[in-house]
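Trainee: Requesting a structural model of the entry that follows:
(2 chains, ligands or ions: 1)
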Amino acid sequence: MIPGSFDYFRPQSVAEASALLAKDDNARVLAGGHSLLPMMKLRMAQPSALIDLGGIGELRQIQFQGGQLHLGAMASQHDLLASDLVSEHAPILKEVALLIADPQVRYLGTIGGNVANGDPGNDMPAVMMALDAAFVLEGQHGRRNVKARAFYTGTYETALLPGEILTAVEIPTQVKGGFAYEKLKRKVGDYATAAAAVILSVKAGVVDACEITLTNLGPTALRAEAAASALIGKPAGHPGAIDAAVAAARAIMTPAHDTRGTPEYRTSAGGSMVRRAIQRALAKA
Amino acid sequence: MNDMTPTRAEREAKLEGMGCRRKRVEDIRFTQGKGNYVDDIKLPGMLFGDFVRSPYAHARVNKIDATRALQVPGVLAVLTAEDLKGVNLAWMPTLAGDVQMVLADGKVLFQNQEVAFVVATDRYAAADGIEAVDVDYEPLEVLVDPFQSMAEGAPLLREDIKDKTEGAHGKRKHYNHIFEWTVGDKDLTDAAFRNADVTINEMISYHRTHPSPLETCQAIASFDKVKGELTLWGTFQAPHVVRTVASLLSKIPEQKIHVIAPDVGGGFGNKVGVYPGYICAIVASIVTGKPVKWVEDRMENLTATSFARDYHMTTEIAATKEGKVTALRVHVLADHGAFDACADPSKWPAGFFNIVTGSYDFPVALCTVDGVYTNKAPGGVAYRCSFRVTEAAYCIERGMDILAQKLGMDPAELRMRNFIRRDQFPYQSALGWEYDSGDYHTAMKQAMEKLDYAGLRAEQQKKREAFKAGLTREIMGIGVSFFTEIVGAGPSKNCDILGIAMFDSCEIRVHPTGAVIARMGTKSQGQGHETTWAQIIASEIGIPADDIMVEEGNTDTAPYGLGTYGSRSTPVAGAAIAMASRKVKAKAQLIAAYLLEVHEDDLEWDVDGFRVKGLPEKFKSMKEIAWTAYHSPPPGLEPGLEAVSYYDPPNMTYPFGAYFCVMDIDVDTGVYKVRRFYALDDCGTRINPMIIEGQVHGGLTEAFAIAMGQEIRYDEGGNVLTGSFMDFFIPTAVETPVWETDFTVTPSPHHPIGAKGVGESPNVGGVPAFSNAVNDAFSFLGSTHIQMPHDYWRNWEAAKKLGVVE
Ligand SMILES: Cc1cc2nc3c(=O)[nH]c(=O)nc-3n(C[C@H](O)[C@H](O)[C@H](O)COP(=O)(O)OP(=O)(O)OC[C@H]3O[C@@H](n4cnc5c(N)ncnc54)[C@H](O)[C@@H]3O)c2cc1C
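Mentor: Numbers count the residues shown, from 1 in each chain, chains lettered A, B, ... in the order given. A predicted model of the protein is given here:
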């Protein structure tokens, strides 16, 4: 449980950080370290250098500008919980952050690290897909925006190019409605056995918009479009529609077999999470 | 007497003796981070050793090349089995009469087995050195399933003993067989089964788990070449035995070995045995002339140092149709892993598993245990239980429930019908034990009333109907467990470790001012000995517990004892403490008689001193007596006031209890909620009720973990799947249920203070209560037995098999 040796840098600006990153193919960005350091201690990751973003103050800001909630990549999960702007513009993030481990992990784990990590077990990617968030990526060659829905290409594989840093998450203004994140886990500090995010709105008793996304039920977070479609246009709470949504969501799940259970179990439980999230979101809508 | 004279009650309260909820004195340092554990000890020039471990469960080791490792800055040496052969330590004897490789000798037999020991100037260099040792492995066929161990053509694991037909405990039936152990009467038992109205037969498994104490196993060895002396600090539950074993193995005379167990952060059986890390640290210190520290990390602890359980128990009960049990027959297949490193008293290869008749009056019984080898880590230690007692309790308590179900009888009612009655004690069990005392009916009735058992059953009936009607997806289970433990190993007539009788000891010195230092052969790992031992002495000799210092763990100063495990400390050392106290008191009485100028028979003991019978004002306190012992002892009497006692108990003690668990399970996710958990314990005389409650809370938390998810699981290739706390279930405060505790008091008739020991009862009784609750929840759907652990996905699987989820 002791990592190999590595260099450590603590740059003061994004430009400096990306220059350092560009210089060394084996360098890694360090945010809260709560995913990266355990991998290093197991020597499953052996970076030659860590570029700690903790010294770049601007990366920790949470703002609302131009109709978008802007989360600096280094905002911690605790920062999300403490922010009035988050309560107002993306309250589902608080519900999710509270389901991530314990206060100690939340003080250090960052939103940028959580979405950039590429681990299907992280909770924020699915929620960002449901919120239609965009990730701001900055590198030696400038800045670009990539939608969460297009960011994840495989387990630990993302659209992040070598030398790029994820500097912010931008969340568009949401239509008023209901939301819920249902997460099944074995204990505090465990990743999801299965989890589902649901964001929807209801007009005149009919579901008029809906997003359903899934955590740890495939190689990446999943957007269950057919499941959402099964609800849209149907009366809120229509049992047949909910059954159809659950079945459609289950149809795209391909969870791994691990100590949390068999793929069969996790798919079944995943469907239950979808059902409960829909019911709770509808109750709030 | 004036108003200032303390009353008798005030004098008694001041002692904080037995029965007092005295706060734990050791917690003052523990809660401030001021404990002194092995890893807190830093010696000048100290080196660090760490292991290269096998990634394979079974492989030939063709070559170990340390060339690259020796070039890593800071790496000083790499020890292999070849080096250890030079000092005859490549293999070591186990407590179970087997031998175990210290470092891989030609092959490896389990994943993470110790292959080479890298010695370096610091931990980081050692870790880099490990990466640079090149080992050439040739993978061999892996044997994981104990049911395949004795199959024809099964892989041969132990080449070293392949031709040995006799093991430490008799005949071996197969090259992967370790022992067969049988107790009971076969003919009578078979006859009872032939004549039975009703029988059950179920294979009940108690899965492999691990004690996982907060502090892992660790040691520092420091060999002084000039004096020829070895000092060994370590996480030892039995430091005196470690010294004897170290002397026998190393040939260093025993008086030149100093074994010190400083504060120990939990043991639960994990720290009884001797591990390769200790041996390698000693050899490395002798080779380098420097102190060498070895500290296990969490994954090493879970995967390499002693596991617990892995008992597969085919359980049969015969009964009349009225529900009177007539016979018990159990066959156990015991998976011991690659070496038999069980930590049992030497003559007991399956521990005290023959307590398996439990709390019930079985006229006849038969029990057979077959131990086998597999490609898994060695061990089989008593994880917070007396030797194999939790396995036995689980076996019989599941069995009784299965029988109740078959008879259509309430499980509590079935137990009541079969309990050993109060008037039957001392009770001779069919499998050879003499139960000292018990009052099972009273305990069970008290528990059922406090819990409103009848009300719960009525509620369960309603819930079952609602479930069948599709009104709820939740099922409710009530787990009943009534356990009898056997603790306090033990009487020299049947208990020894490597030939040393399992007595324990206490030495008490009263200083001139009336302050006391007391030392025992036991070793607290968190049990609170510093607090409770002082309370026994306080009550016995009338000196306030706060004036009594308790010290354990240093073999140079403490009297020899067999250590702390198997709930033996209170039954054995607790008795020694009372007996040593009584010796002190007897001498004190002579001094008091001299001071009061009366015959000693004319004195009576009164809380904290002696009083002349019939003359209440004629009184001498222990404080005055202590001073006199050093200042002006009576003529003809030696000065000083101290005593030693070595106590060989006449019998074991038999704590018991009634535990109930009320649980709700959501069939769609398998998620359970423990609604209530009620634990009534009878551990005889209660020394410190607060510590008892703490022990019960801790033990129940472990029982909860074990029953509901904690396991060491292997895949088919012998890879450990649960090697870290990410997957090995340790509940946090959030998951842990709320515990309701209760008690009755049935003192042990043979123990000087009537105490029986409690530390392990909650683990022994708790596991069946949880498992029975899960099984009870599912029983109305047609299931008879669901194997542990009952984690969410397995609950769901059970529901699915029963056809209640899609
Ligand atoms: C006990 C425990 C339980 C946990 N449980 C959960 C849980 O239930 N759900 C959950 O979602 N998470 C969980 N986590 C993970 C936690 O939320 C992490 O903090 C998070 O996943 C990663 O954030 P970090 O800031 O720690 O990133 P780091 O560990 O520092 O980095 C993670 C990866 O992302 C890269 N990276 C980080 N920031 C950036 C950036 N700005 N740009 C580009 N690349 C970057 C790093 O190079 C690294 O590869 C748990 C962690 C622990 C220790």
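
Trainee: got the contact list for B:R568?
Mentor: B:S386, B:V487, B:G488, B:A489, B:G490, B:M502, B:D504, B:T522, B:L562, B:G757 (Cβ atoms under 8 Å, 6 or more residues apart in numbering or on different chains). The C-beta positions use only the backbone N, C-alpha and C, and glycine is treated the same way.

Trainee: Phi and psi next, for the closest residue to the last one other than its chain neighbours.
Mentor: This points to B:G757. Nearest non-adjacent residue to B:G757, counting by Cβ to Cβ, 6 or more residues apart in numbering or on different chains: B:S567, 3.7 Å away. Note on B:S567: its backbone torsions stand at phi 50, psi 40 [degrees, to the nearest 10].

Trainee: what do you get for the one 4 residues further on?
Mentor: With angles defined as degrees, to the nearest 10, B:P571 shows backbone torsions of phi -60, psi -40.

Trainee: about what we covered before: the ligand: which of the contacts of B:R568 is nearest?
Mentor: Among the contacts of B:R568, B:S386 lies closest to the ligand (Cβ to the nearest ligand atom), at 34.8 Å.

Trainee: Contacts only, for B:T320.
Mentor: Contact analysis of B:T320 by Cβ under 8 Å, 6+ apart lists B:A196, B:D197, B:V198, B:T326.

Trainee: let's see 7 Å
Mentor: Contacts for B:T320 were tallied using Cβ atoms under 7 Å, 6 or more residues apart in numbering or on different chains; they are B:D197, B:T326.

Trainee: how near is it to chain A?
Mentor: In this view, B:T320 and chain A are 42 Å apart by Cβ to the nearest Cβ, to the nearest Å.

Trainee: And B:M203, by the same measure?
Mentor: In this view, B:M203 and chain A are 22 Å apart by Cβ to the nearest Cβ.

Trainee: what helix or strand is the nearest residue to B:A120 once chain neighbours are set aside on?
Mentor: Using Cβ to Cβ, 6+ apart and skipping the chain neighbours, the partner closest in space to B:A120 is B:A126 (4.0 Å). In this structure, B:A126 is located in helix B:123-131 according to DSSP states H and E.

Trainee: And B:H697, by the same measure?
Mentor: Here B:H697 sits within helix B:689-708, counting by DSSP H and E.

Trainee: on contacts alone, who are the packing partners of the helix or strand just after that helix?
Mentor: Following helix B:689-708 in sequence order, the next helix or strand is strand B:740-743 (DSSP H and E). On a contact count with 3 or more Cβ pairs under 7 Å, 6 or more residues apart in numbering or on different chains; DSSP states H and E, strand B:740-743 meets strand B:672-682.

Trainee: Need the nearest residue in space to whatever residue of the stretch 501-650 of chain B ends up closest to the ligand, chain neighbours excluded.
Mentor: In the stretch 501-650 of chain B, the residue that lies nearest the ligand is B:G526 (24.4 Å; Cβ to the nearest ligand atom). Excluding the flanking residues, the one nearest B:G526 by Cβ to Cβ, 6+ apart is B:G266, at 5.4 Å.

Trainee: Ok, B:T442 next?
Mentor: Leaving aside its sequence neighbours, B:T442 sits nearest to B:T744 (Cβ to Cβ, 6+ apart; 6.0 Å).

Trainee: Return the residues in contact with that neighbour.
Mentor: Counted by Cβ under 7 Å, 6+ apart, B:T744 has contacts B:D439, B:T442, B:A443, B:Q446, B:L680, B:D682.

Trainee: do the same with B:P544
Mentor: Taking Cβ under 7 Å, 6+ apart, we find B:P544 in contact with B:K14, B:L15, B:E16, B:A538.

Trainee: which residue ranges form the helices in the stretch 51-200 of chain B?
Mentor: Along the stretch 51-200 of chain B, the stretches classed as helices by DSSP state H, counting those that start in this stretch are B:67-71, B:81-85, B:123-131, B:186-194.

Trainee: Pick the most deeply packed of these.
Mentor: helix B:123-131 (a mean of 21; mean count of other Cβ atoms under 10 Å in any protein chain shown).

Trainee: contacts for that helix?
Mentor: Identification of contacts with helix B:123-131 by Cβ under 7 Å, 6+ apart yields A:2, A:4, B:48-50, B:52, B:69, B:72-75, B:118, B:120.

Trainee: Tabulate the CA atom coordinates of the helix holding B:H697 in CSV.
Mentor: Provided in CSV are the C-alpha atoms of helix B:689-708 (Å, rounded to 0.1, in the frame of the first residue of the first chain):
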residue,chain,number,x,y,z
PRO,B,689,-21.9,-3.9,33.8
MET,B,690,-20.8,-1.1,31.6
ILE,B,691,-17.9,-3.0,30.1
ILE,B,692,-20.2,-6.1,29.7
GLU,B,693,-22.6,-3.9,27.7
GLY,B,694,-19.7,-2.6,25.6
GLN,B,695,-18.5,-6.1,24.9
VAL,B,696,-22.0,-7.1,23.9
HIS,B,697,-22.4,-4.1,21.6
GLY,B,698,-19.0,-4.9,19.9
GLY,B,699,-19.6,-8.6,19.6
LEU,B,700,-23.1,-8.1,18.2
THR,B,701,-21.7,-5.6,15.6
GLU,B,702,-19.2,-8.3,14.5
ALA,B,703,-22.0,-10.9,14.5
PHE,B,704,-24.1,-8.6,12.4
ALA,B,705,-21.3,-8.1,9.9
ILE,B,706,-20.5,-11.8,9.7
ALA,B,707,-24.1,-13.0,9.2
MET,B,708,-25.1,-10.2,6.8
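
Trainee: Alright, that wraps it up for me.
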